[in-house]
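*Asks:* Need coordinates for the following:
(chains A, B, C and D)
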There are 2 protein chains.
Amino acid sequence: MNRRDRLELRTLRYFVAVAEELHFGRAAVRLHMSQPPLSRAIRALETELGATLFHRTSAGVTLTRAGAVLLDEARALLDRAERVPARVAAAAGAATLTVGILGDSTDPDVVRLADAYRRRHPHVEVTVRETDLTDPTCGLHAGLVDVALTRGPFDPTGLTTQTLRADPVGALLRADDPLAGRASLAPAELADRRWFRFPEGTDPLWQAYWNGGEPRPGPVVRTVRECQQVVLWNGTVGMTLADHVPAEGLTVVPLTGLPPSQVVLAWPRTDPNPLIRSFVRLAVAVYDASQGLS
Amino acid sequence: MNRRDRLELRTLRYFVAVAEELHFGRAAVRLHMSQPPLSRAIRALETELGATLFHRTSAGVTLTRAGAVLLDEARALLDRAERVPARVAAAAGAATLTVGILGDSTDPDVVRLADAYRRRHPHVEVTVRETDLTDPTCGLHAGLVDVALTRGPFDPTGLTTQTLRADPVGALLRADDPLAGRASLAPAELADRRWFRFPEGTDPLWQAYWNGGEPRPGPVVRTVRECQQVVLWNGTVGMTLADHVPAEGLTVVPLTGLPPSQVVLAWPRTDPNPLIRSFVRLAVAVYDASQGLS
DNA sequence: TGCGACGATACCCGCGCGGTATCGAGTGTG
DNA sequence: CACACTCGATACCGCGCGGGTATCGTCGCA
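*Replies:* Numbers count the residues shown, from 1 in each chain, chains lettered A, B, ... in the order given. Just a heads-up that it's a prediction; the model follows:
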């Protein structure tokens, strides 16, 4: 009568674990769960099938004849089920996912995300396209990438976005700058300086944010490296991540009163490619887990 | 990351339904569910497998190549899974369940329960043992039956019991009895009559209940038929179910102030036979459903 | 007879699943 | 050309199931 009364693979996985360990406690460990729900699940399976699967004696647990038969059947089913994803993937053709990454991402979470995705979808050919700072969407609109692992803010028209993390920002200064020794700075204290900025045509939201709230005059940069060079050589200033470890001769001072910089995942609003969905799901999980333990 | 991310048979059943109907709405009907969760499940499956399974065009739904492959795989898996219960049952040997039924059970729910159980466990050999009224446990203690579908009250020592329903009771009288025309009776109004009773050694709780709260003198009966005969021939009275349709020359008048008669399922407390468990589960479901619509 | 091992039971909680309501896109029609 | 209809997708909600912790009951053993 209940809906939980048809055979399911999960139950069979439980059964196989117990049948192989012949010990509920150890099987539970192997299944990364605790013993009581496992006992219950096996009991429910016995009820469902109308047959006792294990002899529970004080000496230990042994398979009944019915249990032995089910073990064969279950292994066959699980083996076959195991191979289904690979076969479907093969039929779908060489699956490809192109991830756009904003130039400076030495983010350790990106590595963890790449690992996790590779483990989850070994058949997917992931290509990474690193882009400079002049396009926060990493070429999403041009169709150059399927999904962009980038930073905000930018015009989200036609895109779906998902914020993964927020990092405090800081001012990038020469190490011998008079303000270099400060524990923190307000953007106003740098109002009279020249700030590096991005080329004409760059997303205005993006431009404004990285100039401390409003576009300011200064040299044009395209890459992280250029930002550093232009500060070193011109004595300009600019924004970067507060925990950024700068190059020799540069320093970073935390900026106060500014919204933190968000790590954002973006992808086309209408793209039906399910690889994107699973990538997004995984990314959220990985970044959340990372948040949790920090 | 979630636990809901391994392939499950339920999901495959959904997929096969949609693949065969090529229409989400109709597939949902076939699966006895509504369309939105079905759409979600298919989407989740696509995400999980990293492949699009259906082309959703305005013209309708068609399978992709990946979907076609999955359809084959899914059918193979489901076919095999379908046969598992039968094979396990065969290995367990001829499964037998003996149900004890108290003599007078012309209860329609019993029929529905028998049907449901037969549908659910077609391989189980169900034998029914109808017993007289002298043992409310239908021979459970003697091991004559596995489970008793009976009425209370009785001594539950060593048994597990489950109440399924409660029915009002009435007095069984001759149709020409002075009290026969009454709309209802209190047991006290029959205090001076002789009540039929059960033989020496019958469960005391049982004996007392069916004599209106305390054992009263009167002729000894063993079966429902004997009850009727003894009332017809001796002018004795006794208790029966209020909605009982009596034989010619008899009548039933509802009794007030007595606890209703409970339909009770009873089985040995320590019997490991899983057939009993599933029978009990089903019985509860059937009787509950029956309650609901009354 | 106390103790340890181990499966079963009791009870609680969070989330995944299925429900209803609604949207939005695409299409045929007066 | 607007309107209505179809049908899958989305938003949101409530509940039951699956998994958790605590504890029990039983059996073997010192």
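
*Asks:* In the stretch 1-150 of chain A, what residue spans correspond to helices?
*Replies:* Using DSSP state H, counting those that start in this stretch, the helices of the stretch 1-150 of chain A run over A:9-21, A:24-30, A:35-49, A:65-91, A:108-120.

*Asks:* Return the residues of the stretch 51-200 of chain A in contact with chain B.
*Replies:* A:51-52, A:64-66, A:68-70, A:73-74, A:76-77, A:80-81, A:84-85, A:87-93, A:95, A:121, A:123-124 (Cβ under 8 Å from any Cβ of the partner chain). The C-beta positions use only the backbone N, C-alpha and C, and glycine is treated the same way.

*Asks:* So what's the gap between the helix or strand of chain A with the lowest mean pLDDT and the chain middle?
*Replies:* Least confident helix or strand of chain A, by mean pLDDT, DSSP states H and E, is helix A:274-292 with a mean of 77. Remark: helix A:274-292 is offset 4 Å from the chain centroid, using Cα atoms, centre = their mean, to the nearest Å.

*Asks:* cool, stretch A:84-97 as well?
*Replies:* Offset of stretch A:84-97 from its chain centre (Cα atoms, centre = their mean): 22 Å.

*Asks:* List the contacts of it.
*Replies:* A:121, A:123-127, A:146-147, A:273, A:275-276, A:279, B:7, B:48-52, B:64-66, B:68-70, B:73-74, B:77 (Cβ atoms under 8 Å, 6 or more residues apart in numbering or on different chains).

*Asks:* thinking again about what came up before, which one of the helices of the stretch 1-150 of chain A lies closest to B:Ala285?
*Replies:* Closest of the helices of the stretch 1-150 of chain A to B:Ala285 is helix A:35-49, at 12.9 Å (criterion: Cβ to Cβ).

*Asks:* Packing partners of the closest one?
*Replies:* helix A:9-21, helix A:24-30, helix B:65-92, helix B:274-292 (3 or more Cβ pairs under 8 Å, 6 or more residues apart in numbering or on different chains; DSSP states H and E).

*Asks:* between the longest one and helix B:35-49, what angle do the directions make?
*Replies:* Translated: helix B:65-92. Orientation check (axes from the mean of the first three to the mean of the last three Cα atoms, to 10 degrees): helix B:65-92 against helix B:35-49 gives 100 degrees.

*Asks:* Does helix B:65-92 reach DNA strand D?
*Replies:* No: judged by Cβ under 7 Å from any atom of the strand, helix B:65-92 and DNA strand D are separated, with a smallest distance of 12.8 Å.

*Asks:* Buried residues in that helix, which are they?
*Replies:* For helix B:65-92, the neighbour count (16 or more other Cβ atoms under 10 Å in any protein chain shown) marks B:66-67, B:69-71, B:73-74, B:77-78, B:81, B:84-85, B:87-89, B:91-92 as buried.

*Asks:* swap in the shortest one?
*Replies:* When neighbours are counted by 16+ other Cβ under 10 Å, the buried residues of helix A:24-30 are found to be A:Phe24, A:Ala27, A:Ala28.

*Asks:* From the contact counts, what lies against it?
*Replies:* helix A:9-21, helix A:35-49.

*Asks:* do you know which of these lies nearest DNA strand D?
*Replies:* Closest of those to DNA strand D is helix A:35-49, at 3.5 Å (criterion: Cβ to the nearest atom of the strand).

*Asks:* can you pull the buried residues of that closest one?
*Replies:* Result for helix A:35-49 [16+ other Cβ under 10 Å]: buried residues A:Leu38, A:Ser39, A:Ala41, A:Ile42, A:Arg43, A:Ala44, A:Leu45, A:Glu46, A:Thr47, A:Glu48, A:Leu49.

*Asks:* Pipe the helices of the stretch 1-150 of chain A into TSV and attach mean pLDDT and distance to B:Tyr209 per row.
*Replies:* Putting the helices of the stretch 1-150 of chain A into TSV (pLDDT from 0 to 100; distance: least, Cβ to Cβ, whole Å) gives the following:
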stretch	mean pLDDT	distance to B:Tyr209
helix A:9-21	92	43
helix A:24-30	90	43
helix A:35-49	89	32
helix A:65-91	89	41
helix A:108-120	80	64
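
*Asks:* Determine which of these approaches B:Ile101 most closely.
*Replies:* helix A:35-49 (22.0 Å).

*Asks:* Which residue would be the closest one in the stretch 51-200 of chain A to DNA strand D?
*Replies:* For the stretch 51-200 of chain A, Cβ to the nearest atom of the strand, closest residue to DNA strand D: A:Ser58, 3.1 Å.

*Asks:* now swap in the stretch 151-294 of chain A and tell me
*Replies:* For the stretch 151-294 of chain A, Cβ to the nearest atom of the strand, closest residue to DNA strand D: A:Pro272, 8.3 Å.

*Asks:* quick one: secondary structure of that residue?
*Replies:* Under the three-state scheme (DSSP: H, G, I helix; E, B strand; the rest coil), A:Pro272 adopts coil.

*Asks:* Can you give me the neighbour number for it?
*Replies:* 13 (other Cβ atoms under 10 Å in any protein chain shown).

*Asks:* Can you verify my assumption that it contacts B:Thr52?
*Replies:* Yes: between A:Pro272 and B:Thr52 there is a contact under Cβ atoms under 8 Å: 6.2 Å.
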